[in-house]
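Participant: Just need the structure, nothing else, for what follows:
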Amino acid sequence: MIHLNSEIRLTDELERQLMQEAIEEQARFKPGKALKNLFVKLNGSSKQAAGVKVAPRNAESAA
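Facilitator: Residues are numbered from 1 along each chain as shown. Modelled structure (predicted):
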């Protein structure tokens with residue numbers, strides 16, 4: 001991220017270039033971040049599934 005002094009004035013062309021770079025950075029696919037989000041999502045759903053208690057089946061309940 002670029003931090004600029006508030007006294008610095010940007011030219012229109014430089015401002016357009018910086019805005020374009022920021023937009024491209026947001027739209028860029030990041031496989032590492034996508035995988036991390038997938039694992040976090042899967043881990044959260046597995047924890048929810050693990051929280052549900054199911055009574056074990058035995059021979060009497062099957063009949």
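Participant: Quick check: which helices or strands does the helix or strand that Ser46 is a member of pack against?
Facilitator: Using DSSP states H and E, Ser46 maps to helix 31-51. Using 3 or more Cβ pairs under 8 Å, 6 or more residues apart in numbering; DSSP states H and E, no helix or strand is in contact with helix 31-51. (C-beta placed from N, C-alpha, C; glycine too.)
Participant: Poorly predicted segments of the chain, please.
Facilitator: 1-8, 47-63 (pLDDT under 70).
Participant: Ala23 and Gln17, how far apart?
Facilitator: Careful, residue 23 is Ile and not Ala. Between Ile23 and Gln17 the computed distance is 11 Å (Cβ to Cβ, to the nearest Å).
Participant: right, I mislabeled it, should have said Phe39
Facilitator: Distance from Phe39 to Gln17, by Cβ to Cβ: 36 Å.
Participant: And for Phe29?
Facilitator: With distances taken as Cβ to Cβ, Phe29 is found 22 Å from Gln17.
Participant: Going by how many neighbours each has, rank the two and give me the top one.
Facilitator: Gln17 (12 against 6; other Cβ atoms under 10 Å).
Participant: Which secondary structure element is home to that one?
Facilitator: helix 12-27.
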